[in-house]
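J.: With the sequence up front, the predicted model follows.
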Amino acid sequence: MSNEILESLKKAVIEYNNEAATRWARKAVEEGVDPIKAVDALTKGIRQVGDGFSQGELWLPELVGAADAMKSAMPIIEEEIKRRGKKRETAGVIVLGTVKGDIHDIGKNLVATFLTIDGFNVIDLGVDVAAEKFIKAVKKHKADILALSALMTMTGQEQRKTIDALKKEGIKDKVKVMIGGGAITQGFADDIGADAYDPTAVGAVKLARRLTRK
Amino acid sequence: MGLKGYVVKRPLDILTEEEVKRIHYGTLEVMAKTGVVFHHKKALEILGDAGCDVDREKELVRFPNYLVEESLRKCPRRVLLKGMTPEYDVAVGDPYVHFASCIAMDTLDLETMDRKIPTMQDHINMAKVLDYLDEVHLHYGQYVRAEGVADMCIHPQRFNITVKHALKPSITAGVFGNEVWLIKMAQVVGQNPAGHAQCSPPLTWSTDKIDCMLHYIDAGFPILPGTGLATGMTSPVTLAGALVQQQAEILSGIVLAQTVKPGIGVIVKGRIEPADMRTGMIAEGGVEKVIADAAWNQIWRWYQVPRWHTVVSTDSKVPDYQCGMEKALHFLLSALTGSNIIAGIGGVYDEITVSPVVAIMDNELARRIGKMIDGVNVNEETLAVDLINKVGPIPGQFLSTEHTRKLWKSELLIPALADRMGYSEWVGGGKKTSLDYAKEKYEEIIATYNPSPLSEDKEKAIDEIMEEARKFYKSKES
């Protein structure tokens, strides 16, 4: 039974089936399947889609579809991990969001998807996120990385404000900050004291790996 | 009086009439069934009073069909954008095609063609070049940033430069709340740039954009409701679906504007761009964008509302073959399908960089396109039947006729930047390319073109408004 459930979880992801992912996640909990193994199964599914993407066989719509299916299952499984007092291994914890005044989320969502595929635990705070909210989440989740998105030149200033707020709180050296977005440049990243910048979602994964290398 | 532009005698259709109607009816259905979100209390009130079905909790407005069509009928067929003097006014609307510049973050270094942050002097030089070029009828600003200028101040600052160094009208000016300063400046110089308010797809108006629209309406300026869809991302991946959604977004803005002030001038601005499904990046030079704009032009011709569309651009980072190809195709199809404003003169690499030298080359492109739209001039004199009868077969020839002497200059376009020499002359002349010619022209314009449109009083008034803006943003920073 357990194997069938794990296989079905993986299949739900590679078939972009949110409904099946939710259903099999519930079933896994009901049948007492090890939730860590359930996460592994989901991860295998998303990796397979990720590999297809890297090889140019699958494209963004498929990748995002698979990530959505995984996202449908994850809260149920994570709840079970918590209930059992277990912890799952991740490549690192990343708090991410689009800064205040900016409601663009597609780029940010892609970055979140790629980071999840790569094994990071991504806490997505959504759009229009104020500096205080980022700081609260960084502290709460003991984040390794804070990732800030801003599409416009105007809202780029909010990235600066968030970094300044981290400094004020005295936690700027405890978390690495990476920034991205349409109007952002390396020069701007340097200017506001961000640790890293990349113009692409795939590039963001490389940055995250570099920043979390112990 | 006024800048002339080109006349499109017979605009090209790329949709059948039936297809235009299906898009329109689809739009009406979306507006009535799902509606559009307005994050703006006053707008919700106004639209509710006008007869829309308003869900205040969700801030969602559903539009009855009759109200949409009634609002469309209230839009004037032409909008007059005022220049510094009447001879520079531009009438936006059918059957005219006018060209406008592009606005971007950075400029290109003239020697290396690398991207760099513009200085205030770059802003001035760009404004002068655009004002000088014959085929640029409208200013769309220069850059959205400058070394040493606070970001929030940049729009007032760049408009300040346009009015001090240019005679032609601006299409649009401020956004993000800083429109208040721009409106004041425009009032000082007697201009009326259209208020650009951009809907956030899908189907959502943010508070600041509606504020911006209302500020412009208050000032009695025309408005410019716009949107910007990325297919497969913020709209359906299909162009037809994107068009339906885009129309719903723009029309919802028009209903608000025509309810607040019936008869207010409207220029619509669409933007459908393909997202590359490999990277998620917008393909600025994508041919789908060109097709979408052609369809857009046709739909708004049918509505009889003045229109422009996406800024014509390219994904190329330098003025190369890709840049020329992508921009030429877009300029041409937009002109043929009846866009009233074609913006993008000077742009390279999306709306990230713009260069005065590229503007000079684009001016040449626009000239050629204008010539193509003008088409064949047919009258007794140009038909030349009597002349052909008179000259007859060989040894007859036309070079020595009065007819050729009189008419060759109006029939032939003499390119300013293209090379038409023989090979050895070209080598002897230093193997110059159009880029070299454009650079020479740039130096000439900067050295010789110095309009100073404002009286001392007006210049002072403009500076005072600028200072007010600076103080305002400074106080907000601290």
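T.: In hand now; what should we look at?
J.: Now for residue B:470, how many residues are close by?
T.: 17 (other C-beta atoms under 10 Å in any protein chain shown). C-betas here are computed from N, CA, C, even on glycine.
J.: per-residue confidence at it?
T.: Note for residue B:470: predicted pLDDT of 89.
J.: in terms of contact, does it touch residue B:153 like I think?
T.: Yes: shown here, residue B:470 and residue B:153 form a contact pair, counting by C-beta atoms under 8 Å, at 5.8 Å.
J.: per-residue pLDDT, the residue located most distally from the centre of chain B?
T.: Here chain B reaches farthest from its C-alpha mean at residue B:395, the gap being 51.3 Å by C-alpha atoms, centre = their mean. pLDDT recorded at residue B:395 is 95.
J.: Quick check: it is in a strand.
T.: No: secondary structure of residue B:395 (DSSP: H, G, I helix; E, B strand; the rest coil): coil, not part of a strand.
J.: and the residue of the stretch 351-478 of chain B nearest chain A?
T.: Proximity of the stretch 351-478 of chain B to chain A (C-beta to the nearest C-beta) peaks at residue B:352, 8.3 Å away.
J.: Pull the number of nearby residues for that residue.
T.: Residues lying near residue B:352 (other C-beta under 10 Å) number 18.
J.: just the one 10 residues further on next, same as before
T.: Under the neighbour criterion other C-beta under 10 Å, residue B:362 is assigned a count of 30.
J.: Quick check, it in contact with residue B:343.
T.: No: using C-beta under 8 Å as the test, residue B:362 is too far from residue B:343 to be in contact (10.6 Å).
J.: So which bits of chain B are right by chain A?
T.: B:105, B:117, B:144-145, B:151-152, B:176, B:200, B:206, B:230, B:232-234, B:275, B:277-281 (C-beta under 8 Å from any C-beta of the partner chain).
J.: Pass me the low-pLDDT residue ranges in chain B, would you?
T.: Scanning chain B for pLDDT under 70 picks out B:1, B:173-176, B:477-478.
J.: okay, now the domains of it?
T.: Domains of chain B are assigned by automatic domain parsing as B:6-14+B:72-374, B:380-411.
J.: Contact partners for residue A:29?
T.: A:35, A:76, A:77, A:79, A:80 (C-beta atoms under 8 Å, 6 or more residues apart in numbering or on different chains).
J.: any chance of these in TSV, plus distance to chain B?
T.: Converted to TSV, these look like this (distance: C-beta to the nearest C-beta, whole Å):
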residue	distance to chain B
A:35	32
A:76	28
A:77	28
A:79	29
A:80	33
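J.: Report the buried residues of stretch B:217-228.
T.: Buried residues in stretch B:217-228, counted by 16 or more other C-beta atoms under 10 Å in any protein chain shown: B:217, B:219, B:221, B:222, B:223, B:224, B:225, B:226, B:227, B:228.
J.: And the furthest pair within those?
T.: Farthest-apart pair in the buried residues of stretch B:217-228 is B:219 and B:228; separation 24.3 Å (C-beta to C-beta).
J.: related to what we said a few turns ago, tell me which of the buried residues of stretch B:217-228 fall in helices.
T.: Cross-referencing those against helices under DSSP state H gives B:217, B:219.
J.: tell me the most buried of the domains of chain B?
T.: Highest mean neighbour count of the domains of chain B: domain B:6-14+B:72-374, a mean of 22 (counted as mean count of other C-beta atoms under 10 Å in any protein chain shown).
J.: Taking the centroid of chain B, which residue is nearest it?
T.: Geometric centre of chain B, nearest residue: residue B:343, 3.2 Å, by C-alpha atoms, centre = their mean.
J.: Beta-bridge partners for the residue nearest to that one when sequence neighbours are not counted, please?
T.: Spatial nearest neighbour of residue B:343, excluding adjacent residues (C-beta to C-beta, 6 or more residues apart in numbering or on different chains): residue B:100 at 3.9 Å. Counting by DSSP bridges, residue B:100 forms beta bridges with residue B:138, residue B:343.
J.: quick one: residue B:100 and residue B:136 touch, right?
T.: Yes: the criterion here is C-beta under 8 Å, and residue B:100 meets it with residue B:136 at 6.8 Å.
J.: what residues are shared contacts of the two?
T.: Common neighbours of residue B:100 and residue B:136 (C-beta under 8 Å, 6+ apart) are residue B:345.
J.: Enumerate every residue touching the closest residue to chain A within chain B.
T.: Closest contact between chain B and chain A, by C-beta to the nearest C-beta, is at residue B:277 (4.2 Å). By C-beta under 8 Å, 6+ apart, residue B:277 lies in contact with A:59, A:60, A:61, B:232.
J.: okay, these in JSON lines with distance to residue B:440 and secondary structure next?
T.: Below are the contacts of residue B:277 laid out as JSON lines (distance: C-beta to C-beta, whole Å; DSSP: H, G, I helix; E, B strand; the rest coil):
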{"residue": "A:59", "distance to residue B:440": "46", "secondary structure": "coil"}
{"residue": "A:60", "distance to residue B:440": "45", "secondary structure": "helix"}
{"residue": "A:61", "distance to residue B:440": "49", "secondary structure": "helix"}
{"residue": "B:232", "distance to residue B:440": "44", "secondary structure": "coil"}
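J.: of these, closest to residue B:75?
T.: Comparing the contacts of residue B:277 against residue B:75 with C-beta to C-beta picks out residue B:232 as the nearest, at 30.8 Å.
J.: I'd say the residue nearest to the centre of chain B and residue B:102 touch.
T.: Yes: if you go by C-beta under 8 Å, residue B:343 and residue B:102 touch, sitting 6.0 Å apart.
J.: what sits in contact with each of those two?
T.: B:140, B:311, B:312.
J.: which of these lies closest to residue A:138?
T.: Nearest to residue A:138 out of those is residue B:311 (C-beta to C-beta; 38.3 Å).
J.: Could you list the contact residues of chain A toward chain B?
T.: Contacts of chain A with chain B, taken as C-beta under 8 Å from any C-beta, map to A:56, A:59-61, A:103, A:106-107, A:110, A:153-154, A:156-157, A:183, A:187, A:200-202.
J.: picking that back up, between the contacts of residue A:29, identify the one with the most neighbours.
T.: Tallying neighbours with other C-beta under 10 Å puts residue A:77 at the head of these, with 25 neighbours.
J.: wait, doesn't it sit right on residue A:37?
T.: No: in this structure, residue A:77 is not within contact of residue A:37 by C-beta under 8 Å, at 9.7 Å.
J.: Pop out the phi and psi values for the closest residue to residue B:292 other than its chain neighbours.
T.: Leaving aside its sequence neighbours, residue B:292 sits nearest to residue B:272 (C-beta to C-beta, 6+ apart; 3.8 Å). Residue B:272 adopts backbone torsions of phi -120, psi 120, taken as degrees, to the nearest 10.
J.: Before we move on, what's the pLDDT of the closest residue to chain B within chain A?
T.: Taking C-beta to the nearest C-beta, chain B has its nearest neighbour within chain A at residue A:59, 4.2 Å off. Looking at residue A:59, its pLDDT reads 91.
J.: Report the contact partners of it.
T.: Neighbouring residues of residue A:59 by C-beta under 8 Å, 6+ apart: A:53, B:277, B:278.
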